[in-house]
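Student: missing the sequence, but the structure's below:
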DNA sequence: AAAACTGTAATGATAAAAGCTACAAATAGG
DNA sequence: CCTATTTGTAGCTTTTATCATTACAGTTTT
């Protein structure tokens, strides 16, 4: 997203993004597809095609991106199934979930207040 | 830690913790060793040995545990080395680090206000 | 002295993430 | 209309991180 913000107005093909960040074009397309489904980017096939932001970087927040990617947790436990016979183990998913919700609630305003443009201005080129 | 809090006053061997949560005793010992190094638990070898909290669960916070485990990040980027020739890619570690710091700053008070005892009371047995 | 622990190292297994190959569908431009 | 470019997606392989396993020296209790 910062790459797209940096190159506002230009359609970037997955190939170009992939090269500049050292990833695979398919991986890029997979992520971009999620972002497009959330309405943050617009993609177009064919020559001169690629991805571009649907609105200015000053009106896209990190929260928008976080949501578009399915809100991955800030805190997570181990993946194993809890053991039903253990009172503590059995409740761990709820404990972790509650903690994550609490953190997410506090993090939300920060992520919502941070725009891609702000990140570009503060961190890139500076 | 919740298992130890639940069994306050009793020394739990790694074998017992491992069985009840479906993990390996060695994995438990590794984590417990970190917690012991941070002064949160006390371990003892030999028969009747094991781990126990060094102070009441009401005076151990989730923040204590988070710190003991090396403050794993709330937000992290991909592991690849940034590409030096790309302005955006090059700055990604800083961008991610800043975001994480901001979230950590807001999450800190919550984690500090949440004691193991509170988690036991609210989530376990309820 | 024997048994029950911890701590830690070395190695093996497993699962999640990312990469790779391939191809149908869309689009632009000659 | 034909070719080249690009997305979207499926299927498979490779890589990487995590956890499990085995092994053993050191400590403590009985």
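Tutor: Ah, there it is. Note that this is a predicted model, so its numbers are computed, not measured.
Student: From now on I want contacts and neighbour counts done on CA atoms only, so please keep to that.
Tutor: Noted.
Student: quick one: low-confidence ranges for chain A?
Tutor: In the predicted model, chain A carries pLDDT under 70 at residues A:126.
Student: Please work out which residue of it is closest to chain B.
Tutor: residue A:74 (4.6 Å; Cα to the nearest Cα).
Student: Give me the nearest residue to that residue, chain neighbours excluded.
Tutor: Among residues not flanking residue A:74 along the chain, residue B:74 sits closest, at 4.6 Å (Cα to Cα, 6 or more residues apart in numbering or on different chains).
Student: so how many other residues sit close to residue A:62?
Tutor: Using other Cα atoms under 10 Å in any protein chain shown, residue A:62 has 19 neighbouring residues.
Student: Excluding chain neighbours, what is closest to it?
Tutor: Using Cα to Cα, 6+ apart, the closest residue to residue A:62 is residue A:111 (5.0 Å).
Student: Surely the one you found is in contact with residue A:65?
Tutor: No - counting by Cα atoms under 8 Å, residue A:111 stays clear of residue A:65, with 9.2 Å between them.
Student: Spatially, what comes nearest to residue A:28 if we skip its sequence neighbours?
Tutor: Using Cα to Cα, 6+ apart, the nearest residue to residue A:28 is residue A:14, at 5.9 Å.
Student: Chain B contacts on chain A?
Tutor: A:2-3, A:6, A:20-22, A:74-75, A:80, A:82-83, A:85-89, A:91, A:94-95, A:102-103, A:106-107, A:110, A:119, A:123-125 (Cα under 8 Å from any Cα of the partner chain).
Student: How much space separates residue A:36 from DNA strand D?
Tutor: Distance of residue A:36 to DNA strand D, computed by Cα to the nearest atom of the strand, to the nearest Å: 6 Å.
Student: Correct me if wrong: that residue contacts residue A:43.
Tutor: Yes - look at residue A:36 against residue A:43 with Cα under 8 Å: they come within range, at 7.0 Å.
Student: residue with max distance from the center of chain A?
Tutor: Using Cα atoms, centre = their mean, the residue of chain A lying farthest from its centre is residue A:85. It sits 37.6 Å away.
Student: would you say that residue is within a strand?
Tutor: No - remark: residue A:85 does not belong to a strand; assigned using DSSP: H, G, I helix; E, B strand; the rest coil, it is coil.
Student: List the residues that contact it.
Tutor: Contacts for residue A:85 (Cα atoms under 8 Å, 6 or more residues apart in numbering or on different chains) come out as residue B:20.
Student: Just read off the phi/psi values of it.
Tutor: phi -80, psi -10 (degrees, to the nearest 10).
Student: Count the residues that sit near the residue nearest to residue A:62.
Tutor: The burial count for residue A:111: 19, using other Cα under 10 Å.
Student: Neighbours of the residue nearest to residue A:28, how many?
Tutor: For residue A:14, the neighbour count with other Cα under 10 Å is 21.
Student: before we move on, what about residue A:67?
Tutor: Using other Cα under 10 Å: residue A:67 sits among 12 other residues.
Student: can you check residue A:78 too?
Tutor: Residue A:78: 9 neighbours (other Cα under 10 Å).
Student: Check the one 10 residues further on too.
Tutor: Around residue A:88 sit 24 other residues, with neighbours defined as other Cα under 10 Å.
Student: For it, give me its contacts.
Tutor: Contacts for residue A:88 (Cα under 8 Å, 6+ apart) come out as B:2, B:3, B:6, B:124.
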